[in-house]
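[1] 3D model of this:
(chains A and B)
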Amino acid sequence: MSGRARQRGLVEAVGAALISAVCYLGGMTLLLGQTLRWIVRGLAGRKTRLGGEALAAQCVRVGVRSVGIVALVQIFIGVILALQMTPPLKPWGQVDKIANIIGVAGFRMLGPIITAVVLSGFAGASIAAELGAMVGAEEIKALEAMALNPVRYLVVPRVLATVLMTVLLTVVADWMIAVGGYLASVVALGPDVYYGYWERMRTQLRLRDFLTGLVMAGVFGVLISIIACHEGLRVRGDAESVGRATTMTVVYSIVGIIVAACIFTVIFYVLKL
Amino acid sequence: MSEAADNSKASPVIRVVGLTKRFGGRTVLEGVDLEIYPGETMIIMGGSGTGKSTLLNMIIGSDFPDEGYVELLGRNLNELSEAELNALRLQFGILFQSGALFSSMTVGENVALPLREHTNLDEETIDIVVKIKLELVGLREAEDLMPAELSGGMRKRAGLARATALDPKILFYDEPSAGLDPVTSAEIDQLITALSRKLGVTSVVVTHEMDSAFRIADRIAMLDAGRIIKVGPRSEFEALRDGPPTGDERLDLIRQFLRGDSEGPITARRLSCGYEQDILRAAGGN
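    Numbers count the residues shown, from 1 in each chain, chains lettered A, B, ... in the order given. Down below sits the predicted model:
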């Protein structure tokens, strides 16, 4: 009897978790839908301003401030890749292919994905904390009371800025990985690797390697900003829930980024992109 | 007060009819009726957890009732679309408990925001209006300060300037004296009275501060456990406060609240919540 009761408890727990997951995703989708609607309205120009000023401020906060850290991290990724690939390639006399591999891995995947992970901590967490604090200070209620839609006024500039900056930072990141690989070759790996490094990378890379990476970066930007705004606006007053919102933003963003990257890779593989 | 008496013949600007609100299984408001007339200052008063904030939220359309309705300036809030509600929102202003200034903007930009978003005024005119509104609350010198640089009282003044930016017909105040020292609190009360006189607005103030309530009220509505137990002019409440116990439990409850006594129907109710049964049940359970 107790075994059956326990079974039922388990089923209920799984069900409850499933329902809350569906509700959460539903809430996020709804927020994304509203955001897109306001962006379209803004572009159509029907007395809805997107707020160029707010957008610029958000771009600075999301992007400009994280350039340094993104570049630094990506240089290290390039160094790591170059050093780790040398032992398996050396017996086959293929160490010169390191340039080709770093090019593909960096531009297609590691550039966008590492940039997005860094930004989920840098931008996502701070967006969630900021919006959460605004909920606590009744600022969201005040916006609504002034007939100003919080999605239009707060979410739209943050989403646009995050998407724009994730894409731009990814361009920087791609090159930094390549630079990191080159630095490692010059310092440690010898002329077999660094001689003709850029030339081999150039012949290996196709425009689509670069563009698929940027498309992914854009989607990562949407994920990070929508998750951050959703978490921030869900905050209910107390300080503890602000902390929870920032943590969950980073956790969900990273999971979302990896899952999306996997889905994209499958799609690109099937479409031979 | 004489104004309130005159206005009782006019049609109310706010009509609350049979308002009921439940959160989960708990009934927070139960069949609340209230009418507020043009130009009067109505205090909604009650202890913590009696449903004051819930009632205010529903009057300003940021939450909706389970039963009953709110009629604001002749429009039933339950029947409005989001766009219609937004249009109505421009006709009333709210001073939130913390002031709710946008921390990324200066005081002047905060006051200018509703003007920039909802009017076609040019920047020069907006600048003039901002200065007038700030002067009205005695804060003209703080135009370029950030909210973080202001004291609690100044934040409320700035919030009030922003609430009046679009020349509203009704002003709502959520706990205007919360977190303020007695002198600043008295200043804010004076400002509320002055504003309703100068601008001729209807004021609705939610508070549990007795001193403040008696300074500014035309009429007072007393909330208890989700119901309005008495609505009347300030004089009736003053008489109740200063008079002897009446023997009527409802009135004595109000009297205890007004006087801030530690003994009376409110505390008696709390104490009589089956303490003995609780103990006996706990003992029996073992």
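[2] what are the ranges of the helices in the stretch 1-150 of chain A?
    With helices called from DSSP state H, counting those that start in this stretch, the stretch 1-150 of chain A shows them at A:2-44, A:52-62, A:67-89, A:98-105, A:111-119, A:125-136, A:139-145, A:150.
[3] could you give the angle of the second one to helix A:111-119?
    So the one you mean is helix A:52-62. 90 degrees (axes from the mean of the first three to the mean of the last three CA atoms, to 10 degrees).
[4] Can you name every helix or strand that helix A:52-62 contacts?
    Applying 3 or more CB pairs under 8 Å, 6 or more residues apart in numbering or on different chains; DSSP states H and E, we find helix A:52-62 packed against helix A:156-184. The C-beta positions use only the backbone N, C-alpha and C, and glycine is treated the same way.
[5] and the helix it packs on, what does it pack onto?
    helix A:2-44, helix A:52-62, helix A:67-89, helix A:98-105, helix A:111-119, helix A:197-204, helix A:207-234.
[6] Buried residues in the last one, which are they?
    Buried residues in helix A:207-234, counted by 16 or more other CB atoms under 10 Å in any protein chain shown: A:209-210, A:212-214, A:216-234.
[7] re the thing from before, for the helices and strands packed on helix A:156-184, give me a markdown table that also has mean pLDDT.
    Converted to a markdown table, those look like this (pLDDT from 0 to 100):
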| stretch | mean pLDDT |
| --- | --- |
| helix A:2-44 | 87 |
| helix A:52-62 | 80 |
| helix A:67-89 | 92 |
| helix A:98-105 | 91 |
| helix A:111-119 | 94 |
| helix A:197-204 | 90 |
| helix A:207-234 | 94 |
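[8] Could you dump those into CSV and include distance to residue B:247?
    Converted to CSV, those look like this (distance: least, CB to CB, whole Å):
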stretch, distance to residue B:247
helix A:2-44, 52
helix A:52-62, 62
helix A:67-89, 73
helix A:98-105, 86
helix A:111-119, 69
helix A:197-204, 94
helix A:207-234, 50
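[9] Go through the ones you listed and name the closest to residue B:254.
    helix A:207-234 (39.0 Å; CB to CB).
[10] And that closest one, how far out from the chain middle?
    Helix A:207-234 sits 5 Å away from the centroid of its parent chain (CA atoms, centre = their mean, to the nearest Å).
[11] Report the angle between that helix and helix A:52-62.
    100 degrees.
[12] residues from the stretch 101-250 of chain A in reach of chain B?
    A:134, A:137, A:138, A:139, A:141, A:142, A:144, A:145, A:146, A:147, A:148 (CB under 8 Å from any CB of the partner chain).
[13] For those residues, pick the one with the most neighbours.
    residue A:142 (25 neighbours; other CB atoms under 10 Å in any protein chain shown).
[14] quick one: the helices in the stretch 1-150 of chain B?
    Under DSSP H, counting those that start in this stretch, the stretch 1-150 of chain B gives helices at B:2-7, B:52-59, B:82-89, B:107-118, B:123-136.
[15] Tell me which of these sits nearest to chain A.
    Closest to chain A of the helices of the stretch 1-150 of chain B, according to CB to the nearest CB: helix B:82-89, at 3.8 Å.
[16] ok, the closest one near chain A or not?
    Yes. Using CB under 8 Å from any CB, we find that helix B:82-89 touches chain A at B:86, B:87, B:89.
[17] buried set for that helix?
    Those would be B:85, B:86, B:88, B:89, for helix B:82-89 by 16+ other CB under 10 Å.
[18] Setting aside sequence neighbours, what's the nearest residue to the first one?
    Spelled out, that is residue B:85. residue B:61 (5.3 Å; CB to CB, 6 or more residues apart in numbering or on different chains).
[19] Phi and psi next, for that neighbour.
    Torsion angles at residue B:61 (phi, psi; degrees, to the nearest 10) stand at phi 80, psi 20.
[20] Skipping adjacent residues, who's closest to the closest residue to chain B within the stretch 151-273 of chain A in space?
    Closest residue of the stretch 151-273 of chain A to chain B, CB to the nearest CB: residue A:153 (8.6 Å). Nearest residue to residue A:153, sequence neighbours excluded (CB to CB, 6+ apart): residue A:143, at 5.9 Å.
[21] and that neighbour, how many residues sit next to it?
    Residue A:143 has 21 nearby residues by other CB under 10 Å.
[22] mind listing what it touches?
    Taking CB atoms under 8 Å, 6 or more residues apart in numbering or on different chains, we find residue A:143 in contact with A:149, A:150, A:153, A:154.
[23] Please report the distance of it from residue B:112.
    To residue B:112, residue A:143 is 15 Å away according to CB to CB, to the nearest Å.
[24] ditto for residue A:13
    Distance from residue A:13 to residue B:112, counting by CB to CB: 52 Å.
[25] neighbour count winner among these two?
    residue B:112 (22 against 10).
[26] Surely that one is in contact with residue B:124?
    No. Judged on CB atoms under 8 Å, residue B:112 makes no contact with residue B:124 at a distance of 11.7 Å.
[27] what number of residues lie near residue A:88?
    So residue A:88, with other CB under 10 Å, has 10 neighbours.
[28] now the helices of the stretch 1-150 of chain B in CSV, with mean pLDDT?
    Converted to CSV, the helices of the stretch 1-150 of chain B look like this (pLDDT from 0 to 100):
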stretch, mean pLDDT
helix B:2-7, 47
helix B:52-59, 89
helix B:82-89, 89
helix B:107-118, 89
helix B:123-136, 90
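[29] List just the one of those helices that sits closest to residue B:46.
    Using CB to CB as the measure, helix B:52-59 is the one of the helices of the stretch 1-150 of chain B that comes nearest residue B:46, at 5.0 Å.
[30] Pull the distance from the helix of greatest length in chain B to the chain's centre.
    Taking DSSP state H as the criterion, chain B has its longest helix at helix B:182-199. With CA atoms, centre = their mean as the basis, helix B:182-199 stands 14 Å off its chain's centre.
[31] for that helix, packing partners?
    strand B:41-45, helix B:152-163, strand B:170-174, strand B:202-207, helix B:210-216.
[32] Of these, which is nearest residue B:233?
    Of all the helices and strands packed on helix B:182-199, strand B:41-45 comes closest under CB to CB, at 10.6 Å.
[33] and that closest one, what does it pack onto?
    Contacts defined by 3+ CB pairs under 8 Å, 6+ apart place strand B:41-45 against strand B:26-36, helix B:52-59, helix B:182-199, strand B:202-207, helix B:210-216, strand B:219-224.
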